[in-house]
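**Student:** Following is a predicted model, sequence given first.
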Amino acid sequence: MPFSLSLPLYFTSHVLSDQCPIQEFKRLRIWKGASLEGDRASGYVDYLIAERKRYLEAPMLCIIEAKKDDFEQGLAQCLVEMQACQWINHKLGREIDVLGIVTNGTTWNFYKLVRSGQVYETAAHALGDLEVVLGWLNYIFQNCEHNLVNKE
C-alpha cells in the first residue's frame with residue numbers, strides 16, 4: 001500500500017479511482033500524507049486537495065480516515081486540519097471556505113468551515129449509494145476549482 005494507507009482508504013481510493021470526478025478538474029491535485037501547520041495547531045492529514053503545482057501551497061480540502069470507525073476522532077482531526085488550511089490561505093491573502101471529508105471507506109461525512117468559523121456538515125452517506133457520494137465529491141471539487149478561479 002502506498003504511503004502506508006490503511007486498508008479502508010486504500011480500498012476506497014481504488015474503487016473510486018475510475019469513477020471519481022477529480023480527473024475532470026485539471027487545476028486540482030491530490031496530495032497524499034501531508035502535514036499541516038496552523039497558527040494554533042499542526043497535524044497530519046491523509047489527503048489534501050490543492051492547486052496543481054509542484055509544491056503544496058494552499059490546500060482547500062482535507063480528507064481524513066476515521067480510523068477504527070471513530071468518526072468523532074476523525075472529525076476532531078479534520079477540524080484542526082481545516083483550520084490550518086484556512087490559516088494558510090489567510091496568510092496568502094485568500095479568504096475562502098475550507099472543505100473536509102471524514103471517511104472509513106464505506107461511510108462519508110462532508111464538512112464546510114466558513115470564514116466566520118461556523119462548521120456545516122452533511123448527513124453520513126454510504127458508499128452503497130455511490131451516485132450520492134460521487135455527487136458530493138463533484139460538488140466539492142467544483143468549489144475548490146471555483147476558489148482558484150476567484151483568486152486570479
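**Tutor:** Yep, it's here.
**Student:** Once you drop chain neighbours, what's closest to the spatially most central residue of the chain?
**Tutor:** Closest residue to the average C-alpha location of the chain: residue 62 at 2.7 Å, with CA atoms, centre = their mean. Leaving out its chain neighbours, the residue that sits closest to residue 62 by CB to CB, 6 or more residues apart in numbering is residue 81, at 4.2 Å. No exception for glycine: its C-beta is placed from N, CA and C like everyone else's.
**Student:** Next one: the one you found from residue 111, what distance?
**Tutor:** Relative to residue 111, residue 81 is positioned 11 Å away (CB to CB, to the nearest Å).
**Student:** So between the two, which is more surrounded?
**Tutor:** Using other CB atoms under 10 Å as the criterion, residue 81 and residue 111 rank with residue 81 on top: 29 against 21.
**Student:** on that earlier part again, got any residues that touch both of residue 81 and residue 111?
**Tutor:** Residues touching both residue 81 and residue 111 by CB atoms under 8 Å, 6 or more residues apart in numbering: residue 100.
**Student:** And the strands in this structure?
**Tutor:** Assigned by DSSP state E, the chain shows strands spanning 28-37, 42-51, 61-65, 98-103, 107-113, 119-121, 125-126.
**Student:** Make TSV from those and add mean pLDDT and distance to residue 76 to it.
**Tutor:** Below are those laid out as TSV (pLDDT from 0 to 100; distance: least, CB to CB, whole Å):
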stretch	mean pLDDT	distance to residue 76
strand 28-37	86	14
strand 42-51	86	10
strand 61-65	91	9
strand 98-103	94	10
strand 107-113	95	12
strand 119-121	97	12
strand 125-126	92	20
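**Student:** and the closest residue in space to residue 127 that isn't next to it in sequence, how many neighbours does it have?
**Tutor:** In space, and not counting its chain neighbours, residue 127 is closest to residue 106: 4.6 Å by CB to CB, 6+ apart. A count of nearby residues for residue 106, using other CB under 10 Å, gives 16.
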